[in-house]
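Q: The following comprises the amino acid sequence and a computationally predicted model.
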Amino acid sequence: MALMRWFRRHQRHLLAAVAVLLMIAWGILPAFMRMGPEADGLHGRIRGELVTHGEFEDAQMALNLLVDFQMMDPQLPAALRARGAPLSTQSIFAVLADEFRQFVFDDEPLVTAQAAWRYLVLLREAEAAGIEVSPAEQRDVLTGLLPPGPDGQFDQEAYQQLLLAFRFTDAQFTRWTRQIARVAKLISLKNSSVIATRPGAWMTYRFAQEQARIEFVEVEPAWFELVDDATEEELREFFEQHRDTVADPEAGVIGYMAPRRVRLEYAEPPFDAILEEVVVTEEEILQYYEENKDELYVIEDDEEPAEEEAEDPDAEADEEVEPTPRYRPLEEVRDSIHETLTRRKAMEESERRVEAALQDLRRAADRYAIGPQPLDQMARRHGLDYRVAATEDEEKLLSRQQVEELVPAGQQVASFAFDREQNLHFPQRIDRTEQPPLICQVLEKREPEEQQFEDVREQVRADYARSKALERAEAFAGNFLEYAEQEGLEAAVAEFSGRLARLLEGGEASEGELAEWLGVRESETFSRTQQRVPGLDRSVPNVVQRAFDLDEGGMAVVREEPPVARVYVIRTIERQPAPPERFAQMEQMFRFGELYRQRRLLLDEWMDGLLAQAEPGDEITN
């Protein structure tokens with residue numbers, strides 16, 4: 001009985017304790033379990049072995065390294081070739097920019113769980129195949145990421161600054177670059193197993209270089225944007241069809257999701273003001289002239305001398321006397337030298353200010369583990385102009401297109417802000433061609449967001465009108481085609497010019513003018529690989545493909561989707577086989593193209609097979 005009385009007296013406290021224990025069991029305990037050995041099973045198995053949590057995180061960090069250091073830049077292999085980098089290094093970076101990027105990242109270089117999984121699949125395969133990277137090869141890879149030092153060799157000081165800037169240890173950086181290089185070497189070896197034959201190159205050439213000519217009539221969708229007859233129900237239905245899509249006007253994609261947006265700040269040297277402060281001395285001008293006159297200021301004299309010297313019979317026949325070079329006088333080039341040195345000094349001062357600000361930001365980074373780093377303070381301290389990017393309406397959350405348009409070095413800044421996953425509150429130096437660098441920091445990121453119909457009603461109305469106009473143009477072209485197949489193209493032009501004039505109610509153009517618009521035009525000869533048809537001022541890939549689907553004399557309606565947004569009635573009037581005599585001139589090019597195609601097929605099949613054999617966990621598949 002005493003026990004029961006004690007229980008009743010302390011019932012509330014006991015129930016509260018039970019509730020807390022349940023919260024721990026349901027909430028905190030699973031998180032702890034994920035940190036233990038059981039976490040290793042969350043990611044799945046590759047080649048029958050569990051992927052540990054540490055391995056998965058390490059793979060994500062390696063991919064962040066790839067993205068942050070732009071190791072997949074398509075321009076990098078050519079730059080390495082120009083610098084005389086070893087062929088093995090060029091091959092590694094060429095693979096990273098092409099096959100590796102396609103397989104691991106698919107489209108955008110975003111470090112996701114799926115990308116880390118695909119990378120681990122390749123890494124395990126490289127380990128199983130015994131692919132190794134020598135210390136010399138690894139040093140070449142590091143050299144490829146950094147500009148050479150003053151002696152043309154690996155710049156150890158720049159490397160240490162790089163580690164400090166990105167908060168990597170030497171061991172981490174070494175491990176990640178070695179693993180990445182192993183995967184690239186594996187893909188490169190797989191590529192080397194493919195050869196291209198002359199018959200294969202001929203088949204590719206024969207298909208790609210087949211020739212055709214067409215007659216065509218262009219139907220303009222704008223003719224059918226005449227009446228705004230859309231009902232509220234139709235507009236809302238159209239909105240619902242596209243509400244979950246982010247618009248891409250350049251690709252002709254309709255959508256009403258607000259795009260990914262960022263809020264960012266940047267600091268740049270006041271270059272014009274620095275230019276005005278620079279002082280160039282007479283001694284510096286003279287020194288520059290003397291050091292560079294043999295390269296820059298020699299007068300090229302192409303004229304024959306007025307009097308030829310008499311030949312010396314005792315002189316050696318093969319002896320040549322070096323002519324004395326003549327130079328432009330200093331007074332003539334003084335202004336250009338002054339301008340060159342002024343700009344050089346201004347660039348050096350700008351570089352000094354940017355690097356000083358970055359050094360202070362790195363030293364202060366530990367005090368700003370949460371939240372943005374104090375770029376505004378460092379900009380004031382080191383004489384940089386500071387701005388938060390914004391539109392004229394003071395909107396600071398910007399889309400990619402707005403960043404490209406509003407911010408200096410817009411494309412590079414947009415690539416940093418939108419293509420790199422680990423970039424929030426991480427000041428980044430952005431280099432520019434012939435302009436001083438700037439420092440950029442992403443302050444906030446917003447993923448695509450749904451918008452309400454009322455907020456985009458006018459855009460929906462405009463998109464709907466263009467979409468319906470394209471459908472009406474296609475229907476008009478279909479009727480035109482039926483008539484032309486019976487009566488001929490010229491008769492169809494005359495008939496449908498009249499119909500179009502009546503549709504426009506005579507308010508837009510006369511029937512004669514419409515006959516010109518609907519006139520039959522003839523293209524020049526084109527091949528399957530061309531995107532443009534000679535005689536059309538835009539890219540029309542569907543027209544090209546359909547022209548080769550038709551026999552001579554065959555007709556069809558072809559619709560080019562936005563952004564082209566045109567409808568054509570075409571008739572193939574001539575088909576010619578690829579000229580055999582040109583194959584000898586183009587064989588190497590088509591052999592290379594066939595080699596690339598065969599490699600792509602082999603790699604796709606091989607990589608798909610590796611993924612099929614792996615066993616991803618729920619974190620990857622969900």
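A: Arrived safely, thanks for sending. Residues are numbered from 1 along each chain as shown.

Q: What is the burial count for the nearest residue to Pro541 once chain neighbours are set aside?
A: Among residues not flanking Pro541 along the chain, Gln531 sits closest, at 5.4 Å (Cβ to Cβ, 6 or more residues apart in numbering). Glycine gets a C-beta too; all of them are placed from N, C-alpha and C. If you count neighbours by other Cβ atoms under 10 Å, Gln531 ends up with 11.

Q: what's the distance between Gln531 and Gln545?
A: Separation of Gln531 from Gln545 (Cβ to Cβ, to the nearest Å) stands at 10 Å.

Q: residues touching the residue lying closest to Glu560 once chain neighbours are set aside, list them.
A: Nearest residue to Glu560, sequence neighbours excluded (Cβ to Cβ, 6+ apart): Arg566, at 4.8 Å. Residues near Arg566 by Cβ atoms under 8 Å, 6 or more residues apart in numbering: 218-221, 538, 540, 559-560.

Q: Minimum pLDDT in the residues you listed, which residue is that?
A: For the contacts of Arg566, the model is least confident at Arg538; its pLDDT is 79.

Q: hang on, that residue packs against Pro562?
A: No: counting by Cβ atoms under 8 Å, Arg538 stays clear of Pro562, with 11.9 Å between them.

Q: list the contacts for Arg466?
A: Contact analysis of Arg466 by Cβ under 8 Å, 6+ apart lists 221, 225, 562, 565.

Q: Can you read off the pLDDT for the nearest residue to the second one once chain neighbours are set aside?
A: Among residues not flanking Glu225 along the chain, Ala469 sits closest, at 4.4 Å (Cβ to Cβ, 6+ apart). According to the prediction, Ala469 has pLDDT 90.

Q: same check, this time on Gly507
A: At Gly507, pLDDT is 48.

Q: what about Arg387, which helix or strand?
A: strand 385-388 (DSSP states H and E).

Q: now for that strand, which elements pack on it?
A: strand 261-268, helix 375-381 (3 or more Cβ pairs under 8 Å, 6 or more residues apart in numbering; DSSP states H and E).

Q: Assumed Pro437 was part of a strand.
A: Yes: under DSSP: H, G, I helix; E, B strand; the rest coil, Pro437 sits within a strand.

Q: Touching, it and Ile430? I think so.
A: Yes: under the criterion of Cβ under 8 Å, Pro437 makes contact with Ile430 at 6.1 Å.

Q: Next one: Phe205 from Ser497, what distance?
A: Not Phe; residue 205 is Tyr. In terms of Cβ to Cβ, Tyr205 sits 43 Å off from Ser497.

Q: To clarify, my last question referred to Ala85.
A: 63 Å.

Q: repeat for Met586
A: 44 Å.

Q: With Thr174 instead?
A: Thr174 is 73 Å from Ser497, by Cβ to Cβ.

Q: Which one of these two is surrounded by more residues?
A: Each of Thr174 and Ser497 has its neighbours counted (other Cβ under 10 Å); Ser497 has more, 21 against 15.

Q: And that one, how far from Phe480?
A: 10 Å.

Q: Please apply the same query to Glu405.
A: Here Glu405 is placed at a distance of 41 Å from Phe480 (Cβ to Cβ).

Q: and the two? which has more neighbours close in?
A: Phe480 (24 against 12).

Q: Name the helix or strand for the more buried one, please.
A: Assigned by DSSP H and E, Phe480 falls in helix 457-487.

Q: And for Glu587?
A: Secondary structure assignment for Glu587, by DSSP H and E: helix 583-613.

Q: which parts of that helix are buried?
A: Across helix 583-613, burial judged by 16 or more other Cβ atoms under 10 Å covers 583, 590-591, 593-595, 598-599, 603, 607, 610.

Q: and if you look at stretch 458-471?
A: Neighbour-count burial for stretch 458-471 flags 460-461, 463-470 (criterion: 16+ other Cβ under 10 Å).

Q: which stretches of this protein form strands?
A: For the chain, the strands defined by DSSP state E cover 44-46, 49-50, 211-219, 261-268, 385-388, 428-432, 435-446, 521-522, 526-527, 555-560, 566-576, 615-616.

Q: Ala365 and Leu375, how far apart?
A: Distance of Ala365 to Leu375, computed by Cβ to Cβ: 12 Å.

Q: what's the answer for Phe224, then?
A: 52 Å.

Q: what's the answer for Arg461, then?
A: For Arg461, the distance to Leu375 - Cβ to Cβ - is 42 Å.

Q: give me the number of residues near the closest residue to Val253 other than its chain neighbours?
A: Residue nearest to Val253 in three dimensions, not counting chain neighbours: Ala247, with 6.0 Å by Cβ to Cβ, 6+ apart. Using other Cβ under 10 Å, Ala247 has 19 neighbouring residues.

Q: same check, this time on Asn191
A: Neighbours around Asn191, by other Cβ under 10 Å: 20.

Q: How about it: what's its closest non-neighbour residue?
A: That would be Arg599: by Cβ to Cβ, 6+ apart, it lies 5.1 Å from Asn191.

Q: how close does that neighbour sit to Val194?
A: Taken as Cβ to Cβ, the span from Arg599 to Val194 is 5 Å.

Q: One more: Ala462?
A: Per Cβ to Cβ, Ala462 is found 50 Å from Val194.

Q: what do you get for Arg334?
A: Here Arg334 is placed at a distance of 60 Å from Val194 (Cβ to Cβ).

Q: which residues sit in contact with Tyr205?
A: Neighbouring residues of Tyr205 by Cβ under 8 Å, 6+ apart: 578, 583, 586-587, 590.

Q: who's in contact with the residue lying closest to it once chain neighbours are set aside?
A: Closest residue to Tyr205 apart from its sequence neighbours, by Cβ to Cβ, 6+ apart: Phe590 at 4.4 Å. By Cβ under 8 Å, 6+ apart, the contact list for Phe590 reads 201-202, 204-205, 208, 583.

Q: what do you get if the cut-off is 6 Å, keeping everything else the same?
A: 201, 204-205 (Cβ atoms under 6 Å, 6 or more residues apart in numbering).

Q: Let's have those in a markdown table, adding distance to Val104 and pLDDT.
A: Listed next are the contacts of Phe590 as a markdown table, based on distance: Cβ to Cβ, whole Å; pLDDT from 0 to 100:
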| residue | distance to Val104 | pLDDT |
| --- | --- | --- |
| Ala201 | 30 | 87 |
| Thr204 | 28 | 87 |
| Tyr205 | 33 | 89 |
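
Q: what are the ranges of the helices in the stretch 151-300 of the chain?
A: For the stretch 151-300 of the chain, the helices defined by DSSP state H, counting those that start in this stretch cover 156-166, 170-192, 198-208, 232-242, 271-277, 282-296.

Q: of Ala365 and Leu375, who's got more company?
A: Leu375 (24 against 16).

Q: so what's the closest residue to the more buried one other than its chain neighbours bridging to?
A: Spatial nearest neighbour of Leu375, chain neighbours left out: Gln441 (5.0 Å); criterion: Cβ to Cβ, 6+ apart. Assessed by DSSP bridges, Gln441 has beta-bridge partners Glu265.
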